[in-house]
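Here is a sequence with its predicted model. Questions after.
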Amino acid sequence: MSIVSELVTNMGHSTEQGFFGVTAIYIYMAIIVATAFVRIRQSLKHDHH
């Protein structure tokens, strides 16, 4: 969690490019987590025939 708080803190002190870069990192991380949850649900559905 310290990495996330450090990113947020540094985002406030960065340039416009840095701000969008950190935002892109968060969006990418959210896509990865969402994809993982979808795959887990699909796997659980296939196991319960």
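Good, I have the coordinates.

starting at the chain centroid, how far to the helix or strand harbouring residue 46?
Assigned by DSSP states H and E, residue 46 falls within helix 16-47. For helix 16-47, the gap between its own C-alpha mean and the chain's C-alpha mean amounts to 5 Å (CA atoms, centre = their mean, to the nearest Å).

Spatially central residue for the chain, please.
By CA atoms, centre = their mean, the mean C-alpha position of the chain lies nearest to residue 29, the distance being 1.9 Å.

residue contacts, residue 13?
If you count contacts by CB atoms under 8 Å, 6 or more residues apart in numbering, residue 13 has none. Backbone N, C-alpha and C define where each C-beta goes, glycine included.

Could you measure from it over to residue 28?
In this structure, residue 13 and residue 28 are 22 Å apart, going by CB to CB, to the nearest Å.

ok, now residue 1?
For residue 1, the distance to residue 28 - CB to CB - is 18 Å.
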